[in-house]
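# task: produce atomic coordinates for the following.
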Amino acid sequence: MRVTELEKEIQQMRSLLKTSNRSSQDASDPGSDDELDQHESGAEPETWSESRPRPSKATIALPGQNGWLDAPAVERAPIFQHVASYDPLGAMEQDILYRHVISDDMARELMAIWRNELTPECPGITIPKDWTVFDLRDNKPALFHAIMAAAAHSKGSALSDKLHEETLYLYARSAFIKGEKSLQTIQALLVTVAYYSPSKTPGQLQVHQWVNMAASMALELGLASKPRTHEQLPKRAIKSLQKISSPEELLEHVRTVLLLYLNASGLSMRFKRPNILLFNSWMEECLIMLQKSKSLEDKRIVAQLKLQRIADEANTAFGFDDASTSFTLSELRMQIILRIFERRMQEWRNSVPEDVMTREFLSVRVSVSIP
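Predicted coordinates:
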């Protein structure tokens, strides 16, 4: 469709150019009509001479019906510029507010729904209390789109499906086309997974794919490994690793990587697929750091993570971590393992504060695969 329009524009430019040349030749040379008729009839063109200069280097060869025509490059440049700037996914600046997909008032309402009702499902995704929805849009556009799509579920499927589609277009433009990797994109993917819009068929489920994409970004950005000093960093890795400039920023990284591990490990259990983000010593340090926090959201992350670790170890003990092999247990060993993990579950329950053990917390998506 776009190519057809461009071809029409080229033909119009050729017609205008030919008409302009005819008018100028008629005014300056009465015999120019004969020369033009001779050229259009297919006669041999005259040889180049000193009085008829050769085409300059700033010309482009264009295909024509009777061969290749030379057109000034300056006349073709605007069309090529227009084609190069065309973005099938839309420009980054033309987001859902710019194109009036939702109004400013609707954006404020969806932001309030997120803050008041939806944060328990994503306790690691923190937004400064003094930020408005427009601050979030300016500073973290990917997270802004993901939160708008998540909160729109309360407004019906039509709006939520539309905003979910807009969020996927943003991921496609930033992550797949431009190859951008950032902490806010990881956070946005976690929100999209937590409030996933169901697909039409089970075969189109993408939650595991998106979690793996977020985990891959975290590994490339160095979020899953302990930050090192400037002297320890290889010269080639300084630009690629995330820089942490304050304790608050470090805590944000800690929350994000632990929440990402919770999602990656839990979904790998559910779908019986490998988990590319394995628990390591740095995550253990992150857990210790978060245990010192007085925030209720941080306490929820700690409680969820400890429960997930019990599930991970039980999954390995029963041989469920490798779906490609058969693993059998004797009845005696089965009973021993069950008693061990039953005791560990009871210890976990006793360690969770009452203000954390709420109805929202009990509905978290943690898979415990104990037969």
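# not counting residues beside it along the chain, what's closest to Asp298?
Leu290 (5.0 Å; CB to CB, 6 or more residues apart in numbering). For glycine as for every other residue, the C-beta is placed from the backbone atoms N, C-alpha and C.
# my guess is Leu251 meets Ser293, correct?
Yes - using CB atoms under 8 Å, Leu251 is in contact with Ser293, at 7.2 Å.
# which one's more surrounded, these two?
Comparing Leu251 with Ser293 by neighbour count (other CB atoms under 10 Å), the higher total belongs to Leu251, at 18 against 15.
# Trp282 versus that one, what's the distance?
From Leu251 across to Trp282, the span is 14 Å (CB to CB, to the nearest Å).
# remind me which helix or strand Asn315 belongs to.
helix 296-317 (DSSP states H and E).
# by contact count, what packs against that helix?
Contacts defined by 3 or more CB pairs under 8 Å, 6 or more residues apart in numbering; DSSP states H and E place helix 296-317 against helix 247-271, helix 281-291, helix 331-351, helix 359-362.
# for Leu223, find the nearest of the ones you listed.
In terms of CB to CB, the element of the helices and strands packed on helix 296-317 nearest to Leu223 is helix 247-271, at 4.8 Å.
# what packs against that closest one?
Helix 247-271 sits against helix 183-194, helix 207-221, helix 281-291, helix 296-317, with contacts defined as 3+ CB pairs under 8 Å, 6+ apart.
# single out the most deeply packed of those.
When you average the neighbours per residue for each of the helices and strands packed on helix 247-271 (mean count of other CB atoms under 10 Å), helix 183-194 leads with a mean of 24.
# orientation of that one relative to helix 247-271 in degrees?
Using axes from the mean of the first three to the mean of the last three CA atoms, to 10 degrees, the inter-axis angle of helix 183-194 relative to helix 247-271 is 40 degrees.
# pull helix 183-194 out as CSV, backbone CA atoms only.
This file holds the C-alpha atoms of helix 183-194, laid out as CSV (Å, rounded to 0.1, in the frame of the first residue of the first chain):
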residue,chain,number,x,y,z
LEU,A,183,15.7,-2.3,34.7
GLN,A,184,12.3,-0.7,34.0
THR,A,185,11.7,-3.1,31.0
ILE,A,186,12.3,-6.0,33.4
GLN,A,187,9.9,-4.5,35.8
ALA,A,188,7.3,-3.9,33.1
LEU,A,189,7.6,-7.5,31.9
LEU,A,190,7.0,-8.7,35.5
VAL,A,191,3.8,-6.6,35.7
THR,A,192,2.6,-8.0,32.3
VAL,A,193,3.2,-11.5,33.5
ALA,A,194,1.4,-10.9,36.9
